[in-house]
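Q: Sequence below, structure please.
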Amino acid sequence: MSRFFRQAGDSDSDTEESDEELLTSGDEDAAAPKAAAKPAMSRFLRTAGSDSSSSDSESSDEDESEMSDEEPTQKKKSRFMRGDSDEDSEDEDVKRVVKSTKDKRLEEIEATGKVMDNGLKINDWVAISNEFDKLLRLVQRQSNAAEPLPPFFVKTLLSLENSLNAALVKEKEAKKKMNATNARALNSMKQKVRKTAKEFEKEVQQYQNDPEAFEREFAAHAQPADVVPKPKKQKKGADSESDEEPVLDDRFTTVGKGGKAMSFSADNIFKTLKLVHEARGKKNTDRGEQIRILEKLLEVAVTSYQRIRILLALVSSRFDYNSSITSYMPTDLWLSAQHEVDQLISIVVADSSYAVQEDTEDYDELVERHPATESDGVVRIRGSIISFVDRLDDEFTKSLQNIDPHGTEYVDRLKDEKVLYRTISRSQAFYEQTSQPEPLARVIMRRLEHIYSKPDAVVSALESSLASSEITPSVTLALSAATSSLIHSLCVHLYKADNSLLRTRAMLSHIYHHALHNDFYTARDMLLMSHLQESIHSADVATQILYNRTVVQLGLCAFRCGLIKEAQSTLQDIFTTQRVKELLAQGVHQQRFQQQLTPEQEKAERSRQLPFHMHINTELLEAAFLVSSMLVEVPLLASIESEEQKRKAISKPFRRLLDFADRQVFTGPPESTRDHIMQASKALQDGEWEKCRDLIQSIKIWSLMPEVASVKEMLAKRIQEQGLRTYLFTYAPYYSTLSLSLLSRTFSLPLRSVTSMISKMIWNEELSASLDQSTGVVVFHRIEHSRPQQLAQVIADKVSALLEQNEKVLDIKLGGSGGWGDRSGDKGEKRGEQTQERRGRGDRTRGSLRGGPRGRGSRFAQGLGNQMTRVR
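A: Numbering: from 1, shown residues only. Now for the predicted structure:
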């Protein structure tokens, strides 16, 4: 053997013998080589528990040496060449000792105590501190296994306390202090020992009073380890032909992690349940093993009481499996928990003598309970089905938040909403049957949140899952004519609830549903009568998000119905903040102007995000807002003359985009939605209403809006009307009369519509003119204001603005909100619009004051302007 491969026990004689064996002939190879000496174990590899193994090895070495003395000529066979007869002869004599986990733990405790004694001898408090921590962990395992406290631990604790006191006294008197690390370990041990002595004060007191009685009590509880002979192996040959069943030893039982026997039978269900409950929440608890134990208990459960108790514990254990707040519950665990909640509801519904309630009287959890033993014949079990339903719904939402919405996994996960909706409806039926109003309101709110924002087809698909259920709630889609009546019935029930938060969320959900179905006036009246805009700032974040979604949906509803001014004023509050995605919980707030969010704030904001399928398309929302602003702002800009009044805009986001587009030197073909709307605005200002209509209708995002054909037709009609208004405001100073029939042909509007619009403008004092129905023309009037009249009008405008500002300050002081829906503020805003529109009227002199064409009118020199010159 090479010297580089020698082991610790190889000697020179061994090397010489190996060299001689290599030099011998083939005949000498047949002789058995001398047995190599067993390599000695290094002293650095010995552990505290190797004493017994070393003693066994020494005894085996002595036996071998005696056998070699008695039979020096006998050849020793290799262990790889032993026959079956050798194994059988050895198995007959050798007996194996099977030690339980408890005995091994006690031996390890004693070994740790010995290492601590050695550390005390050399004053090594660092080693003592480490071993003491290990000792405490071993004792904790002992208590987890429901075993009594070992006397050795108490004895060690007392001796360690005495040694610690002596060391502290010696350290104070010593001239040479110990090093800093050892001193810190000494002080740390002082705190640990004091805390441990206080924790086990009762056991220490019992041991000090009567140590022998304490040890006898521990010995009585301990069970001696059984010596089990190793079963003999059958010889191969003729005897093996008889197939005999292997003999199983009945003395072995299944044990848990702590070493305590676990028996899965109907008699020991409650004891096992107690052990599972005690281990729940502890650091070293195997959650997967707990779930498997409860599943086995559920299989052997006999009575309804046992099944209910096990199901309550099993569902809770499944929810405990994933303790992380950020990650979501695995889908297989979620489906198992949902199935078990359904099973629990079926049991308590089928047998009315059992009830699951949050508030019950105290009862013994280790005793079987029957309805006959109860005073009113109903066994009340402590638990909460509504909390399970809430957790199922929350985990489902959390999984949708974390799954990529553009993959197939999101769609597959979304299919589980049907079974979740079925579970929620079944729990509603259970609480209706048991007459529990508070959890009934909570579960109805959960059901409402799944259907209020969905189309009728999706709601019908969710409701179809209730047909296979043996228990159904009182209100279903089968009994209702439409989804609106189903939503109405659920919301009316929540309006009667005592919880104000549920009432608020029910109202917002009801308004959202009306807006989704284009019932604008009902939704608007409900929002105004609820006065939610005055108190929503004090609500929780989730309710504020729902309020923002409802207001946005109301604005889209007004846009679809052709109510342009209402849509613009509704959507303006959201878009002026420039944080649309954050307010709708569809994106995280972008950190601007060095506003850094803490990790906790960012985590909380991400947890509030809505699933992707509930998002409102922000590009469609922006298109509706900008088009509404265009149809409101462009005629207003045409009616204003002074630059100071032009700066006062109704829609600042739109005005900002329009000013940016006006500053562009070169404008290419439109690409985005904003480009289409800005070029359409310019075309509308220039009187090219057909180009404006084509640009607006070519926006592709309209395809995402329901009833897209009617929406495009409505937009074309509104563009024609506002184009006529813009032309009249811009070109009226240059003419004395205009033909109504020519206006009708130019803007492709019926003569009746043109007459109606001009009459409305005259009535609202937006246009200084009169209609001559005999000749079919509109006659413009020129009004010349003197300088004092102009100054008086300016003062009146400033006083009006000051009054509005004071009213806003008063509302803020009194706690009111100036948000959307404030009726007084809405009137003031309308007054402001009319005032702004009238400002230009006072300054316009219809050509007599300023005389001659202006720069704005020069844009109409082509097209329509050339045609109108004939009417002079």
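Q: Where does the prediction get shaky in the stretch 201-350 of the chain?
A: 222-264, 266-267, 323-326 (pLDDT under 70).
Q: That one: helices as residue ranges?
A: Counting by DSSP state H, counting those that start in this stretch, residue ranges of the helices within the stretch 201-350 of the chain are 201-209, 211-221, 269-279, 287-300, 304-321, 331-350.
Q: Out of these, which is the most enclosed?
A: For the helices of the stretch 201-350 of the chain, the largest average neighbour count (mean count of other CB atoms under 10 Å) is found in helix 304-321, namely a mean of 21. Backbone N, C-alpha and C define where each C-beta goes, glycine included.
Q: That helix relative to helix 331-350, how many degrees between them?
A: 150 degrees (axes from the mean of the first three to the mean of the last three CA atoms, to 10 degrees).
Q: all numbers from here: first residue = 135
A: All right, first residue 135 from here; so that's helix 438-455.
Q: could you say what helices and strands helix 438-455 packs with?
A: Counting contacts by 3 or more CB pairs under 8 Å, 6 or more residues apart in numbering; DSSP states H and E, helix 438-455 packs against helix 403-413, helix 421-434, helix 465-484, strand 488-491, strand 513-516, helix 519-536.
Q: Residue 306: which of the helices of the stretch 335-484 of the chain is closest?
A: For the helices of the stretch 335-484 of the chain, the distance to residue 306 is smallest for helix 335-343, at 26.0 Å, taking CB to CB.
Q: tell me which strands and helices the closest one is in contact with?
A: helix 285-307, helix 345-355.
Q: Of all the helices of the stretch 335-484 of the chain, which one is nearest residue 814?
A: The nearest among the helices of the stretch 335-484 of the chain, by CB to CB, is helix 465-484 at 47.7 Å.
Q: Is it possible to get CSV of the helices of the stretch 335-484 of the chain that adds distance to residue 669?
A: Below are these laid out as CSV (distance: least, CB to CB, whole Å):
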stretch, distance to residue 669
helix 335-343, 55
helix 345-355, 64
helix 403-413, 43
helix 421-434, 43
helix 438-455, 34
helix 465-484, 35
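Q: closest one to residue 258 among those?
A: helix 335-343 (25.2 Å).
Q: Not counting that closest one itself, show me its contacts.
A: With contacts defined as CB atoms under 8 Å, 6 or more residues apart in numbering, helix 335-343 is touched by 283, 285, 288, 289, 291, 292, 331, 347, 348.
Q: From the residues you listed, list just the buried residues.
A: 283, 285, 288, 289, 291, 292, 348 (16 or more other CB atoms under 10 Å).
Q: which among these gets closest to residue 550?
A: Comparing these against residue 550 with CB to CB picks out residue 283 as the nearest, at 49.3 Å.
Q: Quick one: the strands in the stretch 835-984 of the chain, in order.
A: Taking DSSP state E, counting those that start in this stretch, the strands of the stretch 835-984 of the chain run over residues 871-873, 903-906, 911-914.
Q: Could you identify which of the ones you listed is most buried?
A: Mean neighbour counts for these (mean count of other CB under 10 Å) peak at strand 911-914, with a mean of 20.
Q: How far away from the center of its chain is that strand?
A: Centre-to-centre, strand 911-914 and its host chain are 65 Å apart (CA atoms, centre = their mean, to the nearest Å).
Q: Same question for stretch 446-464.
A: Counting by CA atoms, centre = their mean, stretch 446-464 comes out at 13 Å from the chain centroid.
Q: Now do the end-to-end distance for that stretch.
A: Counting by CA to CA, to the nearest Å, you get 19 Å between the two ends of stretch 446-464.
Q: picking up where we left off before, could you dump the strands of the stretch 835-984 of the chain to CSV with distance to residue 477?
A: As requested, those are arranged in CSV below (distance: least, CB to CB, whole Å):
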stretch, distance to residue 477
strand 871-873, 79
strand 903-906, 77
strand 911-914, 78
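Q: could you dump the ones you listed to JSON lines with distance to residue 801 and mean pLDDT?
A: Shown next, in JSON lines, are the strands of the stretch 835-984 of the chain (distance: least, CB to CB, whole Å; pLDDT from 0 to 100):
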{"stretch": "strand 871-873", "distance to residue 801": "31", "mean pLDDT": "85"}
{"stretch": "strand 903-906", "distance to residue 801": "35", "mean pLDDT": "84"}
{"stretch": "strand 911-914", "distance to residue 801": "34", "mean pLDDT": "85"}
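Q: For the protein, give me the ranges with low pLDDT.
A: By pLDDT under 70, the low-scoring segments of the chain are 135-232, 280, 309-310, 356-398, 400-401, 457-460, 612-615, 723-729, 775-783, 949-1006.
Q: which one's the longest helix in it?
A: helix 921-947 (DSSP state H).
Q: For residue 889, which non-adjacent residue is spatially closest?
A: residue 874 (6.1 Å; CB to CB, 6 or more residues apart in numbering).
Q: okay, now that neighbour: neighbour count?
A: Per other CB atoms under 10 Å, the neighbour tally for residue 874 reads 19.
Q: List the residues that contact it.
A: 885, 888, 889, 892, 905, 910, 911, 912.
Q: Report the separation between it and residue 903.
A: Distance, residue 874 to residue 903, using CB to CB, to the nearest Å: 11 Å.
Q: just to revisit the earlier point, if you count neighbours, what's buried in the longest helix of the chain?
A: 927, 931, 938, 945.
Q: what do you get for stretch 567-580?
A: Quick answer for stretch 567-580 (16+ other CB under 10 Å): 568, 570, 573, 574, 575, 576, 577, 578, 579, 580.
Q: before we move on, what about stretch 588-602?
A: The neighbour-count check on stretch 588-602 (16+ other CB under 10 Å) flags 588, 593, 596, 597, 599, 600 as buried.
Q: wait, residue 567 sits on residue 484?
A: No - the criterion here is CB atoms under 8 Å, and residue 567 misses it with residue 484 at 11.1 Å.
Q: so how far is residue 945 from the residue nearest the centre of the chain?
A: Central residue of the chain (CA atoms, centre = their mean): residue 532, 3.5 Å from the mean position. Distance of residue 532 to residue 945, computed by CB to CB: 40 Å.
Q: Dump the host helix or strand of residue 321 to PDB, keeping only the CA atoms.
A: For residue 321, the host element (DSSP states H and E) is helix 314-333. C-alpha atoms of helix 314-333 as PDB (Å, rounded to 0.1, in the frame of the first residue of the first chain):
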ATOM      1  CA  ALA A 314     -14.300  39.600  27.400                       C
ATOM      2  CA  THR A 315     -15.900  36.600  25.500                       C
ATOM      3  CA  ASN A 316     -16.000  34.400  28.500                       C
ATOM      4  CA  ALA A 317     -17.400  37.300  30.700                       C
ATOM      5  CA  ARG A 318     -20.200  37.900  28.200                       C
ATOM      6  CA  ALA A 319     -21.000  34.200  28.200                       C
ATOM      7  CA  LEU A 320     -21.000  34.200  32.100                       C
ATOM      8  CA  ASN A 321     -23.500  37.100  32.200                       C
ATOM      9  CA  SER A 322     -25.600  35.500  29.500                       C
ATOM     10  CA  MET A 323     -25.700  32.300  31.500                       C
ATOM     11  CA  LYS A 324     -26.800  34.200  34.500                       C
ATOM     12  CA  GLN A 325     -29.900  35.500  32.700                       C
ATOM     13  CA  LYS A 326     -30.600  32.100  31.100                       C
ATOM     14  CA  VAL A 327     -30.400  30.200  34.400                       C
ATOM     15  CA  ARG A 328     -32.600  32.700  36.200                       C
ATOM     16  CA  LYS A 329     -35.200  32.600  33.400                       C
ATOM     17  CA  THR A 330     -35.200  28.800  33.200                       C
ATOM     18  CA  ALA A 331     -35.400  28.400  37.000                       C
ATOM     19  CA  LYS A 332     -38.400  30.700  37.000                       C
ATOM     20  CA  GLU A 333     -40.100  28.700  34.200                       C
END
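Q: Export the helices and strands packed on helix 438-455 to a markdown table and append columns for distance to residue 644.
A: Formatted as a markdown table, the helices and strands packed on helix 438-455 follow (distance: least, CB to CB, whole Å):
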| stretch | distance to residue 644 |
| --- | --- |
| helix 403-413 | 43 |
| helix 421-434 | 41 |
| helix 465-484 | 28 |
| strand 488-491 | 31 |
| strand 513-516 | 35 |
| helix 519-536 | 20 |
